[in-house]
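> sharing a sequence plus its predicted fold:
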Amino acid sequence: MPGVNQPITITVNDAEVRNALNALRDKMKDLKRPLREIGRVMQLSTERRFVDGKDPDNHMWLFNADWVAAIWAHDKKRSSWDKKPLVWHGHLRDSIHYQVSAFALLVGTNSEYGADMQFGCLKYWKRIKRNVNVPARPFLGVSKQDRVDILEILFDHLNKP
């Protein structure tokens, strides 16, 4: 199972984005500036998904199971249960970050349970002493609006003298 030290790659196969990146690579010695801008847009977009409770394709995340509500009701660190998936204390949302090098952008989380939430899993939960099915709730990825924002950034840099 992927974990903190085993990165997961989600590749965006978009010809228009790829062509713009290739054209920009031919124009610039490195792509750090536009990739930093794209990274920030992707970080904010991903964090927003935790507020909206939607995946990159704009589908609502599945609600939490009743047993989660029962656990949260007794959690002294939580003031109230808002029924939002992936938002217990906000650690996963707050762990979203990006890294940029000359020709690469990585957006993700170093959370040990990030892959479980992204892809779903069957997991033994100590608090209730049983296996539970954690449904996939994708939070990483490129939405239609992200694609528009990425292309805008790339074309802005292509059109600069």
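Looks like it came in fine.

> rest of the way, CA atoms for contacts and neighbours
Noted.

> so how far is the strand or helix carrying residue 19 off the chain centroid?
Assigned by DSSP states H and E, residue 19 belongs to helix 15-27. The chain centre lies 24 Å from the centre of helix 15-27; the measure is C-alpha atoms, centre = their mean, to the nearest Å.

> repeat that for stretch 101-117.
The chain centroid and the centroid of stretch 101-117 are separated by 8 Å, computed with C-alpha atoms, centre = their mean.

> in it, what's buried?
Of the residues in stretch 101-117, 105, 106, 107, 108, 109, 110, 111, 114, 115, 116, 117 count as buried by neighbour count, 16 or more other C-alpha atoms under 10 Å.

> among the residues you listed, which lie within strands?
Among these, the members falling in strands (DSSP state E) are 105, 106, 107, 108.

> isn't residue 131 right up against residue 123?
Yes - under the contact definition of C-alpha atoms under 8 Å, residue 131 touches residue 123, with a separation of 5.3 Å.

> coming back round to it: buried sites along the next helix or strand after the helix holding residue 19?
Per DSSP H and E, helix 15-27 leads on to helix 32-52 as the next helix or strand towards the C-terminus. Neighbour-count burial for helix 32-52 flags 32, 34-43, 45-47, 49-50 (criterion: 16+ other C-alpha under 10 Å).

> which of the residues you listed lies closest to residue 23?
Of all the buried residues of helix 32-52, residue 34 has the smallest distance to residue 23: 12.6 Å, by C-alpha to C-alpha.

> that closest one and residue 152: what is the separation?
10 Å (C-alpha to C-alpha, to the nearest Å).

> quick check: residue 108 touching residue 94?
No - applying C-alpha under 8 Å as the test, residue 108 and residue 94 come out as separate, 10.8 Å apart.

> low pLDDT regions in this protein?
Along the chain, the model assigns pLDDT under 70 to residues 1-10, 65-83, 88.

> now the helices for it?
Under the criterion DSSP state H, the chain carries helices at the ranges 15-27, 32-52, 66-73, 91-94, 114-119, 144-158.

> circling back to that earlier point, turn the buried residues of stretch 101-117 into JSON lines, columns for distance to residue 146.
As requested, the buried residues of stretch 101-117 are arranged in JSON lines below (distance: C-alpha to C-alpha, whole Å):
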{"residue": "105", "distance to residue 146": "14"}
{"residue": "106", "distance to residue 146": "15"}
{"residue": "107", "distance to residue 146": "13"}
{"residue": "108", "distance to residue 146": "15"}
{"residue": "109", "distance to residue 146": "18"}
{"residue": "110", "distance to residue 146": "22"}
{"residue": "111", "distance to residue 146": "23"}
{"residue": "114", "distance to residue 146": "21"}
{"residue": "115", "distance to residue 146": "21"}
{"residue": "116", "distance to residue 146": "23"}
{"residue": "117", "distance to residue 146": "21"}
